[in-house]
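S.K.: For reference, the sequence and a predicted model appear below.
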Number of protein chains: 2
Amino acid sequence: MSKSTTATDLSFDYEFLDKLVVGIGEVSQITSIPTRQIRYWEEKGIIVSLTEEEGKNRRYDYKNIKKMLLIKELLDEGYTLDASAEKVKKRAELIEQTLNKFKKAP
Amino acid sequence: MSKSTTATDLSFDYEFLDKLVVGIGEVSQITSIPTRQIRYWEEKGIIVSLTEEEGKNRRYDYKNIKKMLLIKELLDEGYTLDASAEKVKKRAELIEQTLNKFKKAP
DNA sequence: CAAAAATTGTAATTAATCTACAATTGTAAA
DNA sequence: TTTACAATTGTAGATTAATTACAATTTTTG
């Protein structure tokens, strides 16, 4: 009848990650990236939030957060922001594929 | 040297779930539980948020969200709020154990 | 019905976020 | 070293979202 997700079943919680949306403050807490920097990356088009309309608060999903973490790593390694963004674009496809694998499973 | 979490490695992203914190608005979006109801449950002591101090915004972690989803299910099944809370307390231990299993892995 | 449980409404206040304009710092080529 | 661009940071003033607190309403149970 119902899905009954039994709470302990987190063998992989893609269903949860799929619904996940977070504000910029939480992203900042999770990733240790300052909100100001997140907005800057977004301003440059490197990150695209799920914001409904201009002026409303930004919302980010799992993929967004993963991207940011990766960009942060790459910057640390010495890549420029644009180069990092380029690299991330390719990896993003992998993340997507991996997530889709879980989604397709019956 | 560094942990290098490579972003595509989400075979199980316990590290991510561990850091996860979410505001009440997002919890409401994720779970479809109204914010008013979440605050009420908290007021009754059934949920305990990570709020730093009174007046500041509430923050919830993965376990909190899982608890809420479970309570919602149990209410649907006809349990009272207190009975649901009781059941959840036991399951919470299971969730914790499961998470710890991942944490211990080298 | 009466009492308790559970939920919901909302006003007034505070916290967090938004945009926009500007300043600062870092890097690399001329 | 200077010039130029990349990257980040600061902040004022406005707006969105969350807080508490008091109360009302709906639901369940004896």
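M.R.: Sure thing, it's come through. Numbering: from 1, shown residues only, chains lettered A, B, ... in the order given.
S.K.: and the nearest residue to residue A:41 once chain neighbours are set aside, how many neighbours does it have?
M.R.: Distances taken as Cβ to Cβ, 6 or more residues apart in numbering or on different chains place residue A:47 nearest to residue A:41, at 4.7 Å, with adjacent residues excluded. The way it works is simple: take the backbone N, C-alpha and C, and place the C-beta from them, glycine included. Residue A:47 is flanked by 21 other residues according to other Cβ atoms under 10 Å in any protein chain shown.
S.K.: can I assume residue A:47 sits in a helix?
M.R.: No: counting by DSSP: H, G, I helix; E, B strand; the rest coil, one finds residue A:47 to be coil, located in no helix.
S.K.: Let me see the contact set for it.
M.R.: Residues counted as contacts of residue A:47 (Cβ atoms under 8 Å, 6 or more residues apart in numbering or on different chains) are A:38, A:41, A:60, A:64, A:67, A:68.
S.K.: quick one: which of those residues sit in helices?
M.R.: A:38, A:41, A:64, A:67, A:68 (DSSP state H).
S.K.: got CSV for those residues, with distance to residue B:29 and pLDDT too?
M.R.: Shown next, in CSV, are the ones in helices among the contacts of residue A:47 (distance: Cβ to Cβ, whole Å; pLDDT from 0 to 100):
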residue, distance to residue B:29, pLDDT
A:38, 19, 98
A:41, 23, 98
A:64, 15, 95
A:67, 20, 95
A:68, 20, 96
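S.K.: Give me the residue at the spatial middle of chain A.
M.R.: residue A:64 (2.2 Å; Cα atoms, centre = their mean).
S.K.: got the phi/psi numbers for the closest residue to that residue other than its chain neighbours?
M.R.: Excluding the flanking residues, the one nearest residue A:64 by Cβ to Cβ, 6+ apart is residue A:47, at 6.2 Å. Torsion angles at residue A:47 (phi, psi; degrees, to the nearest 10) stand at phi -120, psi 140.
S.K.: and the helix or strand hosting residue A:74, what does it pack onto?
M.R.: Taking DSSP states H and E as the criterion, residue A:74 maps to helix A:62-77. With contacts taken as 3 or more Cβ pairs under 8 Å, 6 or more residues apart in numbering or on different chains; DSSP states H and E, helix A:62-77 sits against helix A:24-31, helix A:35-43, helix A:81-104.
S.K.: Out of the ones you listed, flag the one nearest residue B:80.
M.R.: For the helices and strands packed on helix A:62-77, proximity to residue B:80 was assessed by Cβ to Cβ; helix A:24-31 is nearest, at 32.1 Å.
S.K.: helices or strands up against the closest one?
M.R.: Here helix A:24-31 touches helix A:35-43, helix A:62-77, helix B:14-19, strand B:21-23, going by 3+ Cβ pairs under 8 Å, 6+ apart.
S.K.: Fine by me, we can end here.
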